[in-house]
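S.K.: Provided below are the primary sequence and the corresponding predicted coordinates.
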Amino acid sequence: MSFLERLLGGTFESNLAEGEAMLAEGRFGDARMAFERALRKAGRAEPEGAERVRDRIRECRFELARDALRRADALSEEGSADEARGLLEEAAEISEEAEILEGIKERRDRYEAEEARRLVEDSEEMSEEEFLAVIAGTWTDPQAEEYATLPDSFREALLASHDGDHERAHSLLREIADAPDLAARARYVWLEIGRELAALDRLDEAIEALGRFVSAVEGDEESVDSQVAALVLRARAMSSLDRHSEAEDQLRRATEVAPDSHVTFLAYGSFLRGRGQNERALAALDKSAELMGQMHPDIRVLREMGFTYLAMERKREAEESFFAVVEHYASRGEHAQIDPETGVALASLYEERGEPMKAADIHRHLAVGHDTRSHFLYNLEAARLLAVAGADRELVERYFSRASELAVDSEQIERVSKERADAGTEG
């Protein structure tokens, strides 16, 4: 081949030979380019050769697409679902062979199911040390000082409580409180005892234990936050026993102990909403919002205001409050931490107003959030709402696949099938 022929890209024969050699070596990308050069050189003079080259190009594209699928599988196994999906799109652009297209569809469904399952399985509990470090960060100085003098059984009690074994936690704490060498200085232990008794639904005993703590620290300015926590817990226990007047007295007392604390008025507002006294609840929450200021907003106040507005049928204001909560997490890049109850309520308002895509977006965030026990429902709702919104069929099926993978019984499996049928997507 002359220098001029090489400069112009070679001849049909030279590119064909080069492509065949590369194909034999498994260099499918280079071979495809060589065959494409040969095809451009074939022209009308090589009709049979041109068809042979087209077959070779299809063969190369098929192998390149298969390689993309293999790499996608490896990425999916590593937990890189987005990158794996990107390779599926690449494979679809490379080859339209039936085997490739079927492989892409199977993998799309499988990757979504695997990702949904991985999110649930990877939601590991904190280690014991991490849990103890987090909870210790909430203690006041005098509280931490008292707990530092307690035996190792106190640590065991905290861990038992974290694991849901409140009987054991209460038993260990009570042993500490009753120990002759500890009883005289045990104050905050009674706060912990009250919490465990409340968790065990032994409410009368919880009220007594919490009252004992409040009496022990009364007048201690360093224990104000703990006193408020105990008074709020007492109020909740009393309310559960239909001792509503006494419960309200406890909350009033909390506002007197800490008149500048927005938390006391938040608790008061929540209590009043639970009693159906929404106007009074809103007044307490407005006071809470005023005290918390704007520099460091407590989203619990916005959340509670939202549910109060909702109870009052003031849906636009409820939506604004709920949106502020969601926006708080979104602005910090913490979509996975969105409060589930707030998110579901906001999604319902969006759907009711005829904006199913906005509602679907909320459920899509919840479906990868910390509330892993409800991921089945969030994925299913996302699929349903996307279908209602007329979203891309593939996107709808993506969430149905995730919900199907997370279904744990026949009822949930049937529910996915029904929603799929209603949406008109394939199972």
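M.R.: Looks like it came in fine. Please read these numbers as outputs of a predicted model, since none were measured by experiment.

S.K.: what mean pLDDT would you report for stretch 75-82?
M.R.: Here stretch 75-82 scores 78 as its mean pLDDT.

S.K.: What of stretch 159-170?
M.R.: 92.

S.K.: next one: stretch 174-183
M.R.: On average, stretch 174-183 scores 89.

S.K.: Distance across it, terminal residue to terminal residue?
M.R.: Criterion C-alpha to C-alpha, to the nearest Å; first-to-last residue distance in stretch 174-183 is 10 Å.

S.K.: Tell me how the chain divides into domains.
M.R.: Using automatic domain parsing, the domain parsing of the chain gives 3-121, 128-259.

S.K.: between the ones you listed, which gets the lowest average pLDDT?
M.R.: domain 3-121 (a mean of 80).

S.K.: I figured residue 118 hits residue 80, correct?
M.R.: No: when contacts are counted by C-beta atoms under 8 Å, residue 118 is not listed as touching residue 80 (11.1 Å). C-beta here means a position set from N, CA and C on the backbone, and glycine is covered the same way.

S.K.: can you list the domains of the chain in a markdown table and add mean neighbour count and distance to residue 329?
M.R.: Below are the domains of the chain laid out as a markdown table (neighbours: other C-beta atoms under 10 Å; distance: least, C-beta to C-beta, whole Å):
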| stretch | mean neighbour count | distance to residue 329 |
| --- | --- | --- |
| domain 3-121 | 17 | 17 |
| domain 128-259 | 17 | 19 |
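
S.K.: For residue 275, find the nearest of those domains.
M.R.: Closest to residue 275 of those, according to C-beta to C-beta: domain 128-259, at 6.4 Å.

S.K.: Quick check: end-to-end length of the closest one?
M.R.: Domain 128-259 has an end-to-end distance of 36 Å (criterion: C-alpha to C-alpha).

S.K.: pull the longest helix from this structure.
M.R.: When every helix of the chain is counted residue by residue (DSSP state H), the longest turns out to be helix 47-77.

S.K.: Does that one pack against any helices or strands, and if so which?
M.R.: Judged by 3 or more C-beta pairs under 8 Å, 6 or more residues apart in numbering; DSSP states H and E, the packing partners of helix 47-77 are helix 12-24, helix 28-42, helix 81-94, helix 98-121.

S.K.: right, and the domains of the chain - which one's nearest residue 407?
M.R.: domain 3-121 (10.4 Å).

S.K.: what about the closest one, distance to the chain center?
M.R.: Centroid separation between domain 3-121 and its chain, computed with C-alpha atoms, centre = their mean, to the nearest Å, is 37 Å.

S.K.: quick one: residue 162 and residue 131 touch, right?
M.R.: Yes: in this structure, residue 162 is within contact of residue 131 by C-beta under 8 Å, at 5.5 Å.

S.K.: Distance-wise, check the most centrally placed residue in the chain relative to residue 337.
M.R.: In the chain, the residue lying closest to the centroid (C-alpha atoms, centre = their mean) is residue 369, at 0.3 Å. Residue 369 sits 7 Å away from residue 337, taking C-beta to C-beta, to the nearest Å as the criterion.

S.K.: Equivalent analysis for residue 381, please.
M.R.: 19 Å.

S.K.: More neighbours: the two, which one.
M.R.: Ranked by neighbour count (other C-beta atoms under 10 Å), residue 381 and residue 337 place residue 381 first, with 25 against 14.

S.K.: Can you tell me the closest non-neighbouring residue to that one?
M.R.: Of all residues not flanking residue 381 in the chain, residue 363 sits nearest, at 4.4 Å (C-beta to C-beta, 6 or more residues apart in numbering).

S.K.: contacting residues for the residue nearest to the centre of the chain?
M.R.: By C-beta atoms under 8 Å, 6 or more residues apart in numbering, the residues touching residue 369 are 335, 336, 337, 338, 340, 378.

S.K.: close enough to count as contact, the fifth one and residue 367?
M.R.: Read that as residue 340. No: using C-beta under 8 Å, residue 340 makes no contact with residue 367, being 10.7 Å away.

S.K.: Looking at the two, which is more packed in?
M.R.: Neighbour comparison, residue 340 and residue 367: the larger count goes to residue 367, with 26 against 16 (by other C-beta under 10 Å).

S.K.: So what does the more buried one look like in phi/psi?
M.R.: With angles defined as degrees, to the nearest 10, residue 367 sits at phi -70, psi -10.

S.K.: Roughly how far does it sit from residue 322?
M.R.: Residue 367 sits 18 Å away from residue 322, going by C-beta to C-beta.

S.K.: The contacts of residue 369 into CSV, with extra columns for distance to residue 217 and secondary structure?
M.R.: Putting the contacts of residue 369 into CSV (distance: C-beta to C-beta, whole Å; DSSP: H, G, I helix; E, B strand; the rest coil) gives the following:
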residue, distance to residue 217, secondary structure
335, 40, helix
336, 38, helix
337, 33, helix
338, 36, coil
340, 35, helix
378, 43, helix
